[in-house]
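Enquirer: here is my input, please return the structure:
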Amino acid sequence: MKQLLTNMFDYRSLSRTEASEILTRIAAGAYNNEQIASFITVYLMRHITLDELMGFREALLNLALKVNLSDYDAIDIVGTGGDGKNSFNISTLSCFVVAGAGFKVAKHGNYGATSVSGASNVLEYFGARFTSDQTVLQRAIEECGFAFLHAPLFNPAMKNVAPVRKALGVRTFFNVLGPLINPAQPQYQLLGVYSLTMLRLYKYINERIGTKYTLVHSLDGYDELSLTAGAKIINNNREYLLSPEPFVSAPVSQAELSGGNSVGEAASIFKRVLENKAGEAQTTVVLMNAALAIQTLRPALSLESCRHLAEESLFSGRAEKAFKRFLEIYR
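Expert: Okay, the predicted model is just below:
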């Protein structure tokens with residue numbers, strides 16, 4: 001590790017093979033926390049390369065518990081995290097709206113590393129007990145349209161990194177890796193990204209992997225379609241800017257998207273959205289992220305048509321029904 005760090009501090013990048021080997025050794029416990037922290041810190045000072053990211057991804061997928069949900073044509077709806085905005089659980093809510101609209105979602109998520117409430121935090125708050133049982137995952141995606149893959153259960157190799165990430169408390173390259181190592185490897189993905197640089201990197205990665213994808217970055221830094229500002233959208237077919245004006249009477253404020261100071265506060269927002277008791281801004285942001293996900297699955301549909309499908313799911317109560325059924329299965 002000493003020579004490795006010396007090379008990296010001299011701005012030398014890793015080959016794909018080297019990156020895979022190093023992360024495999026980290027997973028095996030070959031390095032102590034101080035060495036791991038030093039390694040992670042390198043990527044706080046420079047951008048990760050495509051080969052490095054592909055190598056890290058390869059190592060973690062090789063070490064992950066295998067899951068087969070390929071029969072369900074599912075989508076993962078996820079953000080990189082690390083945007084520093086502490087927004088409520090927009091991606092997770094969007095999953096249930098998409099599920100309520102009749103589509104299948106296989107979400108890979110974790111506890112929040114740089115925000116109060118990650119997907120695992122809020123689902124656990126409502127009583128979900130996470131599992132890696134293939135039978136339960138299949139039952140969930142069949143009966144409620146949503147299977148949740150709690151990252152620590154499927155990526156035990158990450159246990160040596162978790163305390164270091166928590167202690168650092170800042171965005172690391174593991175935020176970048178998270179959306180790439182869903183053990184189910186769904187064919188579709190809606191991915192929110194915290195920077196334009198990372199947006200471009202994920203485009204290249206998805207082209208290599210062959211995913212059918214939509215990438216979104218709000219230009220004021222959100223890793224989702226926040227409607228607080230314009231957003232850059234990239235999918236398999238094109239790149240464009242999406243303005244909030246057609247969807248909200250005025251740009252949404254950051255305060256309206258806040259997840260609060262505790263998981264309980266974030267869960268309260270979560271519940272209000274599903275019960276159609278939330279404010280217009282919170283509801284519209286969830287609907288528009290769900291609409292982008294639906295359009296990823298059905299690219300021939302207009303975004304407006306996809307929004308109507310999302311609205312029908314939420315306002316009819318089908319999204320809430322999917323959530324309640326998920327909790328019954330995951331108890």
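
Enquirer: what comes into contact with stretch 296-310?
Expert: Residues outside stretch 296-310 that contact it (C-beta atoms under 8 Å, 6 or more residues apart in numbering) are 73, 75, 97-98, 101, 103, 188-190, 212-214, 235-237, 247, 287-288, 290-292, 294-295. C-beta here means a position set from N, CA and C on the backbone, and glycine is covered the same way.

Enquirer: how about the contacts made by Gly192?
Expert: Residues near Gly192 by C-beta under 8 Å, 6+ apart: Val78, Gly79, Thr80, Ser91, Leu215, Val216, His217, Tyr222, Asp223, Glu224, Leu225, Asn289.

Enquirer: again, only this time at 7 Å
Expert: Gly79, Thr80, Ser91, Val216, Asp223, Glu224 (C-beta atoms under 7 Å, 6 or more residues apart in numbering).

Enquirer: from these, which is closest to His47?
Expert: Thr80 (13.7 Å; C-beta to C-beta).

Enquirer: the contacts of stretch 296-310 in strands, which ones?
Expert: Among the contacts of stretch 296-310, the ones falling in strands (DSSP state E) are Ile75, Tyr188, Gln189, Leu190, Lys212, Tyr213, Thr214, Asn235.

Enquirer: and those residues, which are buried?
Expert: Among the ones in strands among the contacts of stretch 296-310, the ones that count as buried by 16 or more other C-beta atoms under 10 Å are Ile75, Tyr188, Gln189, Leu190, Tyr213, Thr214, Asn235.

Enquirer: same list (the residues you listed) but as TSV, adding pLDDT and distance to Ile36.
Expert: Converted to TSV, those look like this (pLDDT from 0 to 100; distance: C-beta to C-beta, whole Å):
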residue	pLDDT	distance to Ile36
Ile75	98	32
Tyr188	98	33
Gln189	98	28
Leu190	98	31
Tyr213	98	30
Thr214	98	33
Asn235	97	35
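
Enquirer: need those residues in JSON lines (columns: distance to Gly29).
Expert: What follows is those, written out as JSON lines (distance: C-beta to C-beta, whole Å):
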{"residue": "Ile75", "distance to Gly29": "35"}
{"residue": "Tyr188", "distance to Gly29": "35"}
{"residue": "Gln189", "distance to Gly29": "31"}
{"residue": "Leu190", "distance to Gly29": "35"}
{"residue": "Tyr213", "distance to Gly29": "34"}
{"residue": "Thr214", "distance to Gly29": "37"}
{"residue": "Asn235", "distance to Gly29": "40"}
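
Enquirer: center of this protein - which residue?
Expert: Nearest residue to the geometric centre of the chain (C-alpha atoms, centre = their mean): Val78, 2.2 Å.

Enquirer: and that one, which of the three is it?
Expert: Of the three states, Val78 takes strand under DSSP: H, G, I helix; E, B strand; the rest coil.

Enquirer: ok, it - contacts?
Expert: Applying C-beta under 7 Å, 6+ apart to Val78 gives the contacts Ser91, Lys107, His108, Gly109, Pro179, Leu191.

Enquirer: burial measure for the closest residue to Cys144 other than its chain neighbours, as a count.
Expert: Nearest residue to Cys144, sequence neighbours excluded (C-beta to C-beta, 6 or more residues apart in numbering): Arg325, at 3.8 Å. Using other C-beta atoms under 10 Å, Arg325 is surrounded by 17 other residues.

Enquirer: what does whichever strand or helix holds Arg325 contact?
Expert: Arg325 belongs to helix 318-329 when assigned by DSSP states H and E. With contact meaning C-beta under 7 Å, 6+ apart, helix 318-329 is reached by 96-97, 99-100, 126-128, 136, 139-140, 143-146, 274-275, 313.

Enquirer: same thing but at 8 Å, please
Expert: Among residues not part of helix 318-329, those counted as contacts by C-beta under 8 Å, 6+ apart are 96-97, 99-101, 126-128, 136, 139-140, 143-146, 148, 274-275, 312-314.

Enquirer: going by neighbour count, which residues in that helix are buried?
Expert: Arg318, Ala319, Glu320, Lys321, Ala322, Phe323, Arg325, Phe326, Ile329.

Enquirer: can you pull out the strands in the stretch 151-300 of the chain?
Expert: Along the stretch 151-300 of the chain, the segments classed as strands by DSSP state E, counting those that start in this stretch run 188-192, 212-218, 231-235, 239-242.

Enquirer: and the second one, what does it pack against?
Expert: Using 3 or more C-beta pairs under 8 Å, 6 or more residues apart in numbering; DSSP states H and E as the contact criterion, the elements in contact with strand 212-218 are strand 188-192, helix 196-209, strand 231-235, helix 280-297.
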